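> Fold the following.
(one chain, ligands or ions: 1)
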Amino acid sequence: MRLENKIALVTGGGQGIGKEIAKTLAKQGAFVLINYLDLGNNQEIAQKTQQEIEELGGKCALISANVASYQETEEMFKIIKKEYGRLDILINNAGITKDGLMLRMKESDFDQVIDVNLKGTWNCMKHATKLMMKQKYGRIVSLSSVVGVMGNAGQVNYAASKSGIIGMTMSLAREVGSRGITVNAVAPGFIQTAMTDVLSDEIKDQMKSQIPLGSFGNVQDIADAVLFLASDEAKYITGQTLHVDGGMAM
Ligand code: NAD
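Next comes the predicted model:
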């Protein structure tokens, strides 16, 4: 067990990549707090993930908050401090897309993506840093994207948010390194999830032609990279972005 007695928070951990990260950390002995946005059937989805983890013998709990809200994020961290006393691992996974070419993209499409992906990551980093500095230990891993490194037509908002995460990661890593806290990012390429299932076969084939390894990745590929950066094996790695993209960005 690589994460025995560690408390971990995975934002947007109910489905997709976040769910696999939550399961993978729990399998390694962490107590995983699965954050979800209390909207639509998200709570039900997160409850199913909780059930799956518990059936595997893992330990977890659900915690709701809209990470785009400073107030709700602050409240979530107050609960974590009160109930668990510490937070060892923060995984900033929650993210959205609102794609469109520049001429058609609405201001609200830009604002919403920045609010969830970039400000949401900052909100959680801000509150987690406070806790982690006191305990002189922490692992922060944030989900960037190949799009934040290479760009993608129709995603100026998303690319801005995901590049921003890389810059924030390097800056925070420099601030908190002396306190035993590492801050890294994982930049997935195209991964089979609800986010990519909506793409047409034609676009999927076009994308695959740009991937040296010739196929989309799966959620476990990302969860394994996150686990590595969250574990003690990566204790001398900080400020880095690990590209898990079949060789797209090199
Ligand atoms: P997904 O849509 O399946 O999951 C995203 C999760 O974030 C959902 O559970 C959603 O409810 C949650 N969420 C959205 N807004 C939230 C908010 N305001 N507060 C709390 N939770 C919120 O997407 P995914 O494919 O699993 O992506 C996970 C992360 O990986 C995202 O940051 C995404 O940008 C990144 N990523 C995904 C891919 C891919 O190919 N799927 C590639 C690169 C990066």
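> out of everything not next to it in sequence, what's closest to the most centrally placed residue in the chain?
Nearest to the mean C-alpha position of the chain, by Cα atoms, centre = their mean, lies Asn93 at 1.8 Å. In space, Asn93 comes closest to Gly18 once its chain neighbours are excluded; the distance is 4.0 Å by Cβ to Cβ, 6 or more residues apart in numbering. Placement of C-beta: from N, CA and C, glycine included.
> what about the one you found, which helix or strand?
Counting by DSSP states H and E, the element that carries Gly18 is helix 16-27.
> part of a helix, is Ala187?
No - assessed with DSSP: H, G, I helix; E, B strand; the rest coil, Ala187 is strand; it does not lie in a helix.
> ok, it - contacts?
Ala187 is in contact with 144-146, 148-149, 162, 166, 241-245, 249, counting by Cβ atoms under 8 Å, 6 or more residues apart in numbering.
> Please list which of the residues you listed are also close to the ligand.
Among those, proximity to the ligand is found for Ser145 (Cβ under 6 Å from any ligand atom).
> Please, a PyMOL command that selects the buried ones among the contacts of Ala187?
The buried residues among the contacts of Ala187 can be selected in PyMOL (16 or more other Cβ atoms under 10 Å) with this line:
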select buried, resi 144+145+146+148+149+162+166+241+242+243+244+245
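> could you dump the contacts of Ala187 to JSON lines with pLDDT, secondary structure and distance to Gln71?
Below are the contacts of Ala187 laid out as JSON lines (pLDDT from 0 to 100; DSSP: H, G, I helix; E, B strand; the rest coil; distance: Cβ to Cβ, whole Å):
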{"residue": "Ser144", "pLDDT": "98", "secondary structure": "coil", "distance to Gln71": "26"}
{"residue": "Ser145", "pLDDT": "98", "secondary structure": "coil", "distance to Gln71": "27"}
{"residue": "Val146", "pLDDT": "97", "secondary structure": "coil", "distance to Gln71": "32"}
{"residue": "Gly148", "pLDDT": "98", "secondary structure": "helix", "distance to Gln71": "27"}
{"residue": "Val149", "pLDDT": "98", "secondary structure": "helix", "distance to Gln71": "32"}
{"residue": "Lys162", "pLDDT": "98", "secondary structure": "helix", "distance to Gln71": "25"}
{"residue": "Ile166", "pLDDT": "99", "secondary structure": "helix", "distance to Gln71": "27"}
{"residue": "Thr241", "pLDDT": "98", "secondary structure": "strand", "distance to Gln71": "30"}
{"residue": "Leu242", "pLDDT": "98", "secondary structure": "strand", "distance to Gln71": "32"}
{"residue": "His243", "pLDDT": "98", "secondary structure": "strand", "distance to Gln71": "34"}
{"residue": "Val244", "pLDDT": "98", "secondary structure": "strand", "distance to Gln71": "33"}
{"residue": "Asp245", "pLDDT": "98", "secondary structure": "coil", "distance to Gln71": "35"}
{"residue": "Ala249", "pLDDT": "96", "secondary structure": "coil", "distance to Gln71": "36"}
